[in-house]
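Asks: Okay, here's the prediction I keep looking at, along with the sequence it came from:
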2 protein chains.
Amino acid sequence: VKYEDLMDFVTSIFVKLGVPEEHARWTADNLVTADLRGIGSHGVARLKRYVDGIVNGAVKTNPNIQVVREGPAYALIDGDSGLGQVVGRKAMELAIKKAKRNVFGAVGILHCNHIGRLGAYAQKAAEKNLIGIVACNASPAWVAPYGGKTRMLGTNPVSIAIPTGGEEPFLMDFATSIVAEGKVRVKFHEGKDIPEGWVIDKNGRPTTKPGDLYDGGALLSFGGHKGYAISLAIDLICGALTGAGCMVGSKTWIGNGVFMMAIDVEGFTSLDVYTKRVRDALNLVRSTPPAEGFAKVMVPGEPEFESKKKRLKEGIPIPDPIWDEIKKVASEFGVDIK
Amino acid sequence: VKYEDLMDFVTSIFVKLGVPEEHARWTADNLVTADLRGIGSHGVARLKRYVDGIVNGAVKTNPNIQVVREGPAYALIDGDSGLGQVVGRKAMELAIKKAKRNVFGAVGILHCNHIGRLGAYAQKAAEKNLIGIVACNASPAWVAPYGGKTRMLGTNPVSIAIPTGGEEPFLMDFATSIVAEGKVRVKFHEGKDIPEGWVIDKNGRPTTKPGDLYDGGALLSFGGHKGYAISLAIDLICGALTGAGCMVGSKTWIGNGVFMMAIDVEGFTSLDVYTKRVRDALNLVRSTPPAEGFAKVMVPGEPEFESKKKRLKEGIPIPDPIWDEIKKVASEFGVDIK
């Protein structure tokens, strides 16, 4: 599917549902760009869930987004259950505005729905020559704490974008679980094994059977006790500090608690000096001779940037079950999809 | 060795070297508390290197520490090559002061020597009921980037402390390498193998021989490409933004580039509400049934807190080679050690 066609389609669906045109486009952009970048788990595969959320009233199309606490360098935003992409975008715009004035701008969000691909917000800061840092907690709990055998934590992702003065920023963006739950689900449907270290079964034993996850098992954190600590810190900041609520132990969907930060590099040095330092460091890393089994060393964001370039040219591959779902949504709302 | 005796001894050594009494005590506290908490790699095992640094002039005993850039919520500090513990302590005090006024306080440091255990600074913020976040880059480069076969990155650690309203804060504090280089060195001296996944040899192949690290090999990041991304982000913020210099590719010791942040939770909610949310979440995590091979689920900082309680009572075990080194330093400077 062509990028533009998918963008127009998704935007039209949200407009049909009563979302203002500009907000519909922001939301579509977050989803379709995830697909462009090869992150299918955060792309149009989620459209049906967004549509359902609006139809059943969990997501408001015209929320009253308000700043409930504020200082020169921070704010707390109540998203009034709007689309996460709309609330998130406004929050990052506010963080950027504060950072441009006071070097630091941090914004917490409560009452936010699914915010989508975090990297989109961090990147927004980098496009304005700021460092962007975004984290959120995510429900339901899929991940066992280090040394534990039951699900307790969300996949609590984090993203950092750093301007390079070039085409694309340094962009790290990942879940603190070792893999997304969606990847285990794919292996399960394909009837294939998963590598050891992804999942434990209901008895807390390592397993390579993806089905064990859905039979009372749990995902593991990335990097053992270290990833676990980061995940828990994210919950205590994004959930407990904002008032959005912690994911620890949550069994149901309660939206994302979000924390965003923008840092103006010009508080520390000139933009040119900074981005040259960044480019030099990244080029040095890229020059590392590859280890066995690797073609080259890449920097965070590069694989996704390559996917984006390719898919803008060649179109976005959509798996059949998701395409069927999209066609159903299209016919339900009377919107054409090419 | 008793905690108080070791504190007095280390303090006296620094005073003999011309460090003001108060600064000597800060530095001793950072080192000896690491030993109390079971983090021998950052304890008195490093005393000789600190002494050498002062004797050879790399570390100034009476530095002219200056704020070179400043705003309501941030500052950049030039440490003038003072002891890292002195510069770091002053930097965190400034971050705390700014956070108490403006909710956020962030401080970068350049010209800083070895800053020691990062958790000490993050914890300082938590003791004042703030969230503390500290990261630094660390040289020389020991760590291969993901997919690469040569050393490029420092062990770039990060620490987050979160107040609990109780005795000890949530305290995460670790290197972004899978283990400290010191742990590989211990196995090497013992003639033992290391687990797969710690080190690659000079050809970029996985190895279980610790000697391969010292024959042109490299440490790996924790958590594969995710830990690598965090490590690189730390370098681009702590090194490139502060002007301290990036560790990417560095072959020599050039000190730590440091970034610290304090967040006043009372900008978001009352301290009581926040710390109750934190305690509830941590207690829920602790209640997770343990997985095979684990006695219980702990939260970050707990193992070190248990070590501290034990060692305050029973004394601190010091390995023989380090004890010999300490006795040599003691006799050289005419300071008694019990």
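Replies: Looks like it came in fine.

Asks: can you tell me which helix in chain A is longest?
Replies: For chain A, the longest helix by residue count, based on DSSP state H, is helix A:84-102.

Asks: Would you mind putting the CA coordinates of that helix into PDB?
Replies: Taking Å, rounded to 0.1, in the frame of the first residue of the first chain, the C-alpha atoms of helix A:84-102 are listed here in PDB:
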ATOM      1  CA  GLY A  84      -3.100   9.600  22.900                       C
ATOM      2  CA  GLN A  85      -1.500  11.000  19.700                       C
ATOM      3  CA  VAL A  86      -3.300  14.300  20.100                       C
ATOM      4  CA  VAL A  87      -2.600  14.700  23.800                       C
ATOM      5  CA  GLY A  88       1.000  13.600  23.300                       C
ATOM      6  CA  ARG A  89       1.600  16.000  20.500                       C
ATOM      7  CA  LYS A  90       0.300  18.900  22.500                       C
ATOM      8  CA  ALA A  91       2.400  17.800  25.500                       C
ATOM      9  CA  MET A  92       5.600  17.700  23.400                       C
ATOM     10  CA  GLU A  93       4.900  21.000  21.900                       C
ATOM     11  CA  LEU A  94       4.600  22.500  25.400                       C
ATOM     12  CA  ALA A  95       7.800  20.800  26.500                       C
ATOM     13  CA  ILE A  96       9.600  22.200  23.400                       C
ATOM     14  CA  LYS A  97       8.200  25.700  24.100                       C
ATOM     15  CA  LYS A  98       9.400  25.600  27.700                       C
ATOM     16  CA  ALA A  99      12.800  24.200  26.700                       C
ATOM     17  CA  LYS A 100      13.300  27.000  24.100                       C
ATOM     18  CA  ARG A 101      12.800  29.500  26.900                       C
ATOM     19  CA  ASN A 102      14.400  27.700  29.900                       C
END
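
Asks: Check which helices and strands it sits against.
Replies: helix A:21-36, strand A:74-82, strand A:104-112, helix A:119-127, strand A:130-136, strand A:256-264 (3 or more Cβ pairs under 8 Å, 6 or more residues apart in numbering or on different chains; DSSP states H and E). C-betas here are computed from N, CA, C, even on glycine.

Asks: is it possible to export the ones you listed to CSV including distance to B:Y274 and mean pLDDT?
Replies: Written out in CSV, the entries for the helices and strands packed on helix A:84-102 read as follows (distance: least, Cβ to Cβ, whole Å; pLDDT from 0 to 100):
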stretch, distance to B:Y274, mean pLDDT
helix A:21-36, 30, 96
strand A:74-82, 12, 96
strand A:104-112, 12, 96
helix A:119-127, 24, 97
strand A:130-136, 17, 98
strand A:256-264, 13, 96
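
Asks: quick one, what contacts the residue nearest the centre of chain A?
Replies: If you average the C-alpha coordinates of chain A and look for the closest C-alpha using Cα atoms, centre = their mean, you land on A:R117, 2.7 Å from that point. Contacts were defined as Cβ atoms under 8 Å, 6 or more residues apart in numbering or on different chains; by that measure A:R117 touches A:N30, A:L31, A:T33, A:A34, A:R37, A:I39, A:H42, A:D173.

Asks: now chain A, which segments are flagged as low pLDDT?
Replies: Where chain A drops to pLDDT under 70, the residues are A:251-254.

Asks: now the helices for chain A?
Replies: Going by DSSP H, chain A shows helices at A:3-16, A:21-36, A:47-55, A:84-102, A:119-127, A:181-190, A:224-234, A:271-286, A:302-314, A:320-333.

Asks: Next, the buried residues of the fourth one.
Replies: Neighbour-count burial for helix A:84-102 flags A:84-96, A:98-100, A:102 (criterion: 16 or more other Cβ atoms under 10 Å in any protein chain shown).

Asks: now do the last one
Replies: Neighbour-count burial for helix A:320-333, counted by 16+ other Cβ under 10 Å, picks out A:I322, A:E325, A:I326, A:V329, A:A330.

Asks: contacts for that helix?
Replies: Helix A:320-333 is contacted by residues A:9, A:12-13, A:16-17, A:44-45, A:47-48, A:51, A:318, A:336-337 when judged by Cβ under 8 Å, 6+ apart.

Asks: Let me know whether A:A240 touches B:R279 as I believe.
Replies: No. Taking Cβ atoms under 8 Å as the contact criterion, A:A240 and B:R279 are not neighbours in contact, 9.9 Å apart.

Asks: out of these two, which sits in the more crowded spot?
Replies: Neighbours were tallied for A:A240 and for B:R279 using other Cβ atoms under 10 Å in any protein chain shown; the higher tally belongs to A:A240 (27 against 15).

Asks: does stretch A:300-319 come close to chain B?
Replies: Yes. Applying Cβ under 8 Å from any Cβ of the partner chain, one finds that stretch A:300-319 is in contact with chain B at A:P300.

Asks: ok, now how distant is A:S231 from A:F188?
Replies: Remark: distance between A:S231 and A:F188 (Cβ to Cβ, to the nearest Å) = 23 Å.

Asks: Quick check on the two: which one has the bigger neighbour count.
Replies: When A:S231 and A:F188 are compared for neighbours, A:S231 comes out ahead with 30 against 16, by other Cβ under 10 Å.

Asks: OK, contacts around the more buried one?
Replies: For A:S231, the residues meeting the contact criterion (Cβ under 8 Å, 6+ apart) are A:V143, A:L153, A:G154, A:T155, A:N156, A:T176, A:S177, A:S221.

Asks: what bridges to the last one?
Replies: So the one you mean is A:S221. Following DSSP bridges, A:S221 is listed with bridge partners A:S177.

Asks: Next: the second one.
Replies: Under DSSP bridges, the beta-bridge partners of A:L153 are A:V143.

Asks: Once you drop chain neighbours, what's closest to A:S307?
Replies: Take A:S307 and drop its neighbours on the chain: the residue closest to it by Cβ to Cβ, 6 or more residues apart in numbering or on different chains is A:G38, 3.6 Å away.

Asks: try A:V67
Replies: With Cβ to Cβ, 6+ apart, the residue lying closest to A:V67 is A:A75, at 5.2 Å.

Asks: Tell me how far the one you found lies from A:F188.
Replies: To A:F188, A:A75 is 42 Å away according to Cβ to Cβ.

Asks: go on, A:E93?
Replies: 40 Å.

Asks: go on, A:D235?
Replies: In this structure, A:D235 lies at 27 Å from A:F188, with Cβ to Cβ as the measure.

Asks: Contact residues of the stretch 1-150 of chain A facing chain B?
Replies: A:69, A:71-74, A:76, A:102-104, A:106, A:108, A:131, A:144-150.

Asks: which residues touch the residue nearest to A:H23 when sequence neighbours are not counted?
Replies: By the measure of Cβ to Cβ, 6+ apart, the closest residue to A:H23 outside its immediate chain neighbours is A:V86, 4.6 Å from it. The contact partners of A:V86, by Cβ under 8 Å, 6+ apart, come to A:V19, A:H23, A:W26, A:T27, A:P63, A:I65.

Asks: Which residues does the closest residue in space to the fifth one that isn't next to it in sequence form beta bridges with?
Replies: Closest residue to A:P63 apart from its sequence neighbours, by Cβ to Cβ, 6+ apart: A:G82 at 3.0 Å. In this entry, A:G82 is beta-bridged to A:K60, A:C112, by DSSP bridges.
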